[in-house]
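K.L.:
Predicted model and sequence follow; I will ask about them next.
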Amino acid sequence: MKGEKEIKWFNALKPNELWKIDFKIVDVDGVGYYLLLITYDHSRFILYAKLHEEVTSDIVISALNECFEIYGKPEKILTDKELNSSLQEEESRNSKSF
């Protein structure tokens, strides 16, 4: 239909072509945590799944490095807009003006 935005799906066609990173908010006994998921797109295998109290670039980088050591590096990594926005906000808070 006219005016509707087409959804673009990403699907890896070969091994280690694409990983996906996503944070999901999870309630554990009334406390909100962020579940960091890194998945291997080709097989949908979960490479990393861990609860965190906050979203930071250090957490994401550490998780990726852990996965790189075990599984090697993918050709591409896909993140969602929410994760990118959260990390940009953190970078803005941590940057110093001179």
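P.N.:
Everything's here; your move.
K.L.:
which residues of this protein score low on pLDDT?
P.N.:
Scanning the chain with the threshold set as pLDDT under 70 gives 1-12, 81-98.
K.L.:
quick one, helices of it?
P.N.:
Taking DSSP state H, the helices of the chain run over residues 57-71, 81-94.
K.L.:
buried stuff in the first one?
P.N.:
Pointing back at helix 57-71 there. I59, V60, A63, L64, C67 (16 or more other C-beta atoms under 10 Å). Heads up, the C-betas are built off the backbone N, CA and C, glycines and all.
K.L.:
nearest to D27, of those?
P.N.:
Nearest to D27 among those is I59, at 19.3 Å by C-beta to C-beta.
K.L.:
ok, the closest one - contacts?
P.N.:
L36, H52 (C-beta atoms under 8 Å, 6 or more residues apart in numbering).
K.L.:
do the one 5 residues further on as well
P.N.:
Under the criterion of C-beta under 8 Å, 6+ apart, the contact partners of L64 comprise I21, I38, I77.
K.L.:
Name only those of the residues you listed that count as buried.
P.N.:
Using 16+ other C-beta under 10 Å, the buried ones in these are I21, I38.
K.L.:
and F23, how many neighbours does it have?
P.N.:
20 (other C-beta atoms under 10 Å).
K.L.:
Quickly list what the residue nearest to it when sequence neighbours are not counted is bridged to.
P.N.:
Once flanking residues are discounted, F23 sits nearest to Y34: 4.7 Å by C-beta to C-beta, 6 or more residues apart in numbering. With DSSP bridges applied, Y34 shows beta-bridge pairing to I25, H52.
K.L.:
Hmm, Y34 is touching A49, no?
P.N.:
No: Y34 is beyond contact range of A49, at 11.4 Å (criterion: C-beta atoms under 8 Å).
K.L.:
which residues sit in contact with V26?
P.N.:
Applying C-beta under 8 Å, 6+ apart, the residues contacting V26 are G32, Y33, Y34, L35, L51.
K.L.:
which one of these has the most neighbours?
P.N.:
Y34 (19 neighbours).
K.L.:
Could you report the distance from that one to I77?
P.N.:
18 Å (C-beta to C-beta, to the nearest Å).
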